[in-house]
Each structure stands twice: as structure tokens, then as C-alpha cells.
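Participant: only geometry, no sequence info:
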């Protein structure tokens, strides 16, 4: 029995390099040790993939499907989806690997894949996974744009502990 | 060891030759300020530790004045000691040559040693070596006690630890624990090398090693933070205690401080319960899925639509083929030729259960054996079971319509998430509840803050009522509040660091266990066993060393307190407490005074001195016990803050101790106001002693003219 999910989660999705400095470096705490430090004010995400997941859902709920422009350089943080949210190495946190399935469900729902062709063997499995990743990158890109706009509007917005939660709650029913 | 004689020649105020024939037991040297007591102490100190420079500063001005230009004389301090029936003479001296009036040049000093055996035979030996042999350097250090202020040994935090290491049995374990660590490291390395041969785990192993190093470093960092925070706390508590000593209504202040502390603790407890990590909860509590339901619906519809299409196509395909077996399968047997459900729904187990119970539990109708419904179910089950085995002989016959089956997994995913939907619907409520909870706590905190302000202004009123002047008071007040604030912050830091350390330690333990697990599966089992044994051995050595160290501290504490109680008879009820603290790479011992279990930060000078002297006596006593030998102790003005009564008491106490003591004090002297003549008070007759001297300047003298200064030694 073939399994798209298994294949998909071995992949590493990418994002537009333009967001690396202004969002990923600014909003995430990479590496351990300094979680309490004052410089980390506003760095509400423990690592890169948290921000990635967040941006994906934000884009998804806001229907911001926005593929990364062709001429942009795409980068990743070399951490396959299957490891996202696993408990190892993170103190005082819970496992949230289950979100991987939710992301996958959303991608299947939102990606135009000819399942009949896939099961007949007319559509290659790898190509189907590529389509899923493309959808994922496009919503994430859309979400990152929304965060960037928020930040430009008010550079201090993310110093409030409720800021990221509110952005999700504000999306209401899609 | 006993000092029999000290002879001082031409050393500062000691003009020509001056001899102190000392006795075993207590020797008291009386003298007014500036008449030669301290110079006596310094000359002995010079003999023991003096350096070879600025020797011209040590020359007797009177002697120099009397010497002709071009002539020379010797400056000398000599000590005759007795040890195990053997006599030794140690002499340190240099030559001073008068170059012109008031100026001389000096030679380097020399230390001569003469050893005399019991039959009176004398031999010349190396003076420095002789000194170090009969009176070891480490013991000398704790035998000389100059004034009350210069108590370096108690201020340097490692000095006491070194001393204890020297005397306690702990030092014998040093070499073992070092060797133990060495062997354990070797064994660890051997196991690691053996594990690394297993390429399968190489990457993980390396990562674990890296993690462990990182965590060890973090741990060390936090340990330093914690130590310095604890030090700060002690400092602040000391400052507060001093400030509080100025306040008239001390009891009320204490009650108030307690109340303030309580409120602050409650605030910090409530603040700790406020969970504002909303962003984290987006992930850990899956809050991010708050609006996910429509997507799930979209997915489920898509999957079920596809599933239906697939079955439709399959059914059509089978029919087209007209194969009997295929027809059998395709035979829907459903009303209106409807598309059948997937073979595996309901599952095999459920079908078997329904057949067994003869009930269709989907439509809640009886399905008695033999009935149409029963047969329908039986057929479905058979079809399913066949579908699980037939594939092999089928495949080479015909190319199937669908090469792959993705539908099944997607179906399952859809079903399993269906159950989770009710949790998603609760997220909004949960968020709301948490917000309400946090808001309530914030309100509570606000109320408590108001109460806190009230208590604090009350405290300021009490502080205002103090024994010091208003100007100084405002300083104290300002600092007092700042200190209280600092104390609160530092206490919080202390808690934070301790928690952090604990979590680091548990993480470190987990990593090490994980690494050990790899070792167990990869490394040679003989190596692992050896390593485990060596680990245990190292632990035993380390623990024993610490135990011996602690035992010694305990002994020292008991002995010190015995002396301390006797010196402070009826005066102070506190105790001296020794605490061992392990710093990152060394051990230190701290001494403090406690009263009712509370640190007494600002003891007065007299109390402090008696504490220090008690410890010195305790050390000396312990040294005698261990080395089976007594060493002399020399004190210069140890009791200047004591007052004559307490001094007398003190002298009577130390008279009882075993070893030789030389005490320089300025008490018991009386100056006649009219004649300015000095005499010894009658009270001195009651002071128990073995020998007494009086050093006094030869009269008349001119205090401004060193050439007239000559200390005379009078044996009483």
C-alpha cells in the first residue's frame, strides 16, 4: 500500500530568502541557552519550524495562496517535516508532531491532485508530493507576507504575548 | 615544639642585644602603645617570612648613630627552640655598614641553623630547611595573629579550605580520587572508542556527545550564577540587618517585614500561575487548529468522493471484463444497483461480531442464521477475506484497473481525525477560559499590590523612628528599600537558577543514559563492566573524601564553639557555623555567626575577634591532635576591643590550653597623671601566666628622634 503522507513528511519545504533576516532571525530563538535573555523579547517562536507552521496556517486560514516568486532564492532550515514538533531537546514543552497530519490533511484538501490518475499509476508519486510541497510553500509564503505587513505597521506588535494568537483567532471561520 | 629564647639585636627599637627567655605555656608581654610590642611581633615574623629587601629600614637608629662612619654591625633575630629533646638555633641576620650620617648599606641576609643533639653535640645546618622542618610553613601561617583587623586567613575564602585539607584525613584521599578519576576517564574512553566502531550509531553518538558537553557547560554557567547570587543575598541580608539595628521598634519591623514577604510570595505565586505563553500553546495545545474544522471537512469530502469514484470505476471495470469471479465481486446485491461500500467496512472483527450475535448493528435489525440479512453479511465477510488472498494468482492473469491504493490510508486518516473534531471545537472555549483565569489572577495581584503598598508605607513610618540622625536616616531609608527590592529579585533569581540547574541536571542524566544505552548495544560488554566498576570506585573515593572533610569541619566547629562559649561567657548565645560550599572547580569553607539559626551579619569587633581566636585555638588543638605535637602561637594585641575584664577572662582561659602562647597586650599598665611614670596594675597579679615581660622605652626619649629610642626588656 502506498502512502503519500510518509513520503511527504520526509521533505524539507522552503521559503523565500527575503524573510530570513526580517522574520526568521527576528522572531525565533534558535539554539538553546538563552531562552530567558532580554534580547529575546518578541522572539516568541522556539525555532524556525514553529514560525513556518504558524505562517502556513495563517496563510491557509486567510486563503493567502501566494507562491514564492520565480526569481526569488528559496532556502530551508534542513529539518524534515517528520521531526517538526518532536519533544527531544526541548525542555518544558509538549510534543506536537500530530500537527504534521493536520498540515497534510489541509494540503490534500487544497491541492489539485488527480487521485484516480495517481492510483492508476499515470501520475508519479514524487510529482504528487511535489505538488503538496508547492501548496505548503505557497500558503506559508502568504502567511509570512501577512506577518511582515503586521510588523511594518507596528514594529512592536509582536512584543505582546497575545499577538500571534490574535492573528489566528481573527481569521475566524474561513 | 617550644620556643625557648628569642634574641633581638639592633632591630629597630631593640638596640643592642635583647633577650626573651620564654617559658612553656602562657607568656605575656606587656607594653604601652609604641614601646616595642608590635616590633617584637614583626621581628619574629621577619625571621619566619621576611624578604631580602629594604633591609636598611630595619636597622636600629640608635645603634647607627653610635657607629663610626665606615664601621659595621650586625642586625639579628635569633630563636632557640626545643623539639623532641633536640635544641635548634635559627638565626637570621645581615650586616649594616654606616656610609654617612643616618645612612647605611646592608648585606643580604643569611639564615643560619645550628642543631644540637641531646648529648650537646652541635652541627651547622641549612637554616631555612631547619625552620621549615621544625615549624612547617602552613602551621606558621596560622600561628601568628597580628592585631584584630588583619585576619587575612578568614577573609580569603579558600584559605580555610586549604587548612582543613591540610589537617583532615581528606587529603589522603586526594591521590585516590585523582587516580579514580583518571581510571574512570580511561575506561569511558575505551567504551566510547568501542561504541564508535559501530557505524550505525555514529551520528547519534556524536550528537549526544556534543549535547552532553553543551549541557555540562550550561550547568557550570548556572552554577556560577547561583553561587554569586547566593553571595549577593548574604551581602544584602547583612546590609539590611545593619540598617535594622538603627530602628527603635525592631519587633514591629520584623512583623511587618514578614507580612510584606508573605504578600510578595503570594504575588509571585499568582504571577507564576498566569500562563501567557500563548504562542507556545498554539503548538503544544494545538490552538493553531482553532479554525481547522472546515479544512477537515473539505478533505473528508474530497476523500470520500474519490473513494466513491474509485469504487464506481472498479465496479464498471469488473463488469466490463465479464469475468465470473469479477462479476461475483462486482455483484452489488444492493438495492437500486447502488455502489457498494469498501470491502473492509465494517471491519472483519465487527462483521464477525454481528454474525455471532445475529444482529446487524448498523441498522439495528435481527439477522437470524439463514435469513437473507445474515447471508448478506456472511457474503461480505467472505468477499473481504478473499480479497486478502487472491491477488497473487490474479495479477499475472490481468492488469488491474488501479495499480496502487492510496484511498485506504486517506480514508483512515479522515476517520481518525473525525474523532478529533470535538477537541478542535473546544479550543475556543479553552482559550477563553485561560484568558479569564489570567485576568482573575491579574486582578488578585492588583489587590495584593495595593495591600503591599500600604504595608510598605507603614514600614517607612517605623523606619523613620530610628536612633540615627535624620540626615543619615534618609540615606539608610533609601538604601533600605533598594536592598529589600534587590533581595526580592535575588531570591527570585536563586529560585530560577536552582530550577534551571535541576532541569539541566535531569536532561544531562537522560542524555548520559541514552549514550550508555548505545554503549550497551554497541560496545564490548567487558569494557562496559570495567567502566561501571571504575565509576563506582571513583564515587566511593569522592564520597569518602567529602565525608572526611565534613567530619573535620564538624570537629573544628565543635571545638571552636567550646572556646567561643568560654571566651564569651554569659555574653552571647550564638554559634560559629562552618559551611562547605562546592564551587565550580574548588571547595571553599565559609564561617559565620548564627543566632537562633539566623545569620548574624554584623557582629561587633569583640565578638568577631573572639570568634577568630576561638577558631585559631581550635585549629591549633586539632593540629596537636593530628601531628601529636604542639606549636607555639603568637598574638599581637588580639584583645584590644575586649576591655580589661574580658581580657583577664580570656587570659585565664588560654592559660588552660596546652601549647605555648606568646601574647602581646597593652592592658594592665597605668600611667601616673602627675609624674607620667608607668607602672603595672595590681590586677595583673591575678592573671594566671607562666612568664611575663614588660617592654618599655628607656626614659627619657624624644618621640620625634629615633636615635633616642631603645626598648628595654624587663622580665617580671
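Facilitator: Sure, I can see it. It should be emphasised that the depicted structure is a prediction, and the values quoted were computed from it without experimental measurement.
Participant: Let me know how buried residue B:558 is, in neighbour terms.
Facilitator: Using other CB atoms under 10 Å in any protein chain shown, residue B:558 has 11 neighbouring residues. To be clear about C-beta, it is placed using only N, CA and C from the backbone, and glycine gets the same treatment.
Participant: repeat for residue A:92
Facilitator: With other CB under 10 Å as criterion, residue A:92 counts 10.
Participant: try residue B:238
Facilitator: For residue B:238, the count of nearby residues is 16 (other CB under 10 Å).
Participant: Residue B:599: what secondary structure?
Facilitator: With DSSP: H, G, I helix; E, B strand; the rest coil as the basis, residue B:599 sits in strand.
Participant: The nearest residue to it once chain neighbours are set aside bridge partners, please.
Facilitator: Nearest residue to residue B:599, sequence neighbours excluded (CB to CB, 6 or more residues apart in numbering or on different chains): residue B:592, at 5.4 Å. Beta-bridge partners of residue B:592, counted by DSSP bridges, are residue B:577.
Participant: contact partners of stretch B:105-123?
Facilitator: The contact list for stretch B:105-123, computed with CB atoms under 8 Å, 6 or more residues apart in numbering or on different chains, reads B:50, B:52, B:55-56, B:59, B:75, B:85-97, B:99, B:124-131.
Participant: Surely the residue nearest to residue B:599 touches residue B:579?
Facilitator: Yes: in this structure, residue B:592 is within contact of residue B:579 by CB atoms under 8 Å, at 7.3 Å.
Participant: of those two, who's got more company?
Facilitator: Set residue B:592 next to residue B:579 and count neighbours by other CB under 10 Å: residue B:592 wins out with 17 against 11.
Participant: tell me the contacts of that one?
Facilitator: By CB under 8 Å, 6+ apart, the contact list for residue B:592 reads B:576, B:577, B:579, B:599, B:600.
Participant: can you pick the most crowded of these?
Facilitator: Highest neighbour count within the contacts of residue B:592: residue B:576, with 23 neighbours (other CB under 10 Å).
Participant: right, and that residue touches residue B:615 too?
Facilitator: Yes: using CB under 8 Å, residue B:576 makes contact with residue B:615 at a distance of 6.9 Å.
Participant: which neighbours do those two share?
Facilitator: B:560, B:591.
Participant: ok so, going back, in CSV: the contacts of residue B:592, plus pLDDT and distance to residue B:657.
Facilitator: Below are the contacts of residue B:592 laid out as CSV (pLDDT from 0 to 100; distance: CB to CB, whole Å):
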residue, pLDDT, distance to residue B:657
B:576, 89, 17
B:577, 88, 23
B:579, 83, 26
B:599, 79, 29
B:600, 78, 26
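Participant: which one among the residues you listed gets closest to residue B:695?
Facilitator: residue B:576 (33.2 Å; CB to CB).
Participant: how much space between that closest one and residue B:649?
Facilitator: Residue B:576 sits 18 Å away from residue B:649, going by CB to CB, to the nearest Å.
Participant: what does the worst-scoring helix or strand of chain A on mean pLDDT rub up against?
Facilitator: Lowest by mean pLDDT, DSSP states H and E among the helices and strands of chain A is helix A:25-27, with a mean of 84. Residues outside helix A:25-27 that contact it (CB under 8 Å, 6+ apart): A:42, A:43, A:44, A:45, A:51, A:147, A:158.
Participant: Show me what the strand ranked longest in chain B packs onto, helices and strands only.
Facilitator: When chain B is parsed with DSSP state E, its longest strand is strand B:86-100. Applying 3 or more CB pairs under 8 Å, 6 or more residues apart in numbering or on different chains; DSSP states H and E, one finds that strand B:86-100 contacts strand B:2-11, helix B:37-49, strand B:72-83, strand B:103-106, strand B:110-116, helix B:127-134.
Participant: and with 6 Å instead?
Facilitator: Here strand B:86-100 touches strand B:72-83, strand B:103-106, strand B:110-116, helix B:127-134, going by 3 or more CB pairs under 6 Å, 6 or more residues apart in numbering or on different chains; DSSP states H and E.
Participant: Identify each buried residue in that strand, please.
Facilitator: In terms of neighbour count (16 or more other CB atoms under 10 Å in any protein chain shown), strand B:86-100 has its buried residues at B:87, B:88, B:89, B:90, B:91, B:92, B:93, B:94, B:95, B:96, B:98.
Participant: Over to stretch B:343-352?
Facilitator: Within stretch B:343-352, the residues scored as buried using 16+ other CB under 10 Å are B:343, B:346, B:351.
Participant: same question, stretch A:149-166
Facilitator: Buried-residue list, stretch A:149-166, by 16+ other CB under 10 Å: A:150, A:151, A:157, A:158, A:161, A:163, A:164, A:165.
Participant: can you tell me the helix or strand for the second one?
Facilitator: With elements delineated by DSSP states H and E, residue A:151 resides in helix A:125-153, which encompasses its position.
Participant: Off-centre distance for the following helix or strand past that helix?
Facilitator: The helix or strand immediately downstream of helix A:125-153 is helix A:163-169, counting by DSSP H and E. Centroid separation for helix A:163-169 versus its chain: 15 Å, with CA atoms, centre = their mean, to the nearest Å.
Participant: try stretch B:478-490
Facilitator: With CA atoms, centre = their mean, you get 23 Å for stretch B:478-490.
Participant: Is residue A:68 in a helix, a strand, or coil?
Facilitator: Going by three-state DSSP: residue A:68 is coil.
Participant: Contacts only, for it.
Facilitator: Residue A:68 sits next to A:16, A:74, A:137, A:141 when contact means CB atoms under 6 Å, 6 or more residues apart in numbering or on different chains.
Participant: so what's the second one up against?
Facilitator: In this case it means residue A:74. Contacts for residue A:74 (CB under 6 Å, 6+ apart) come out as A:14, A:68.
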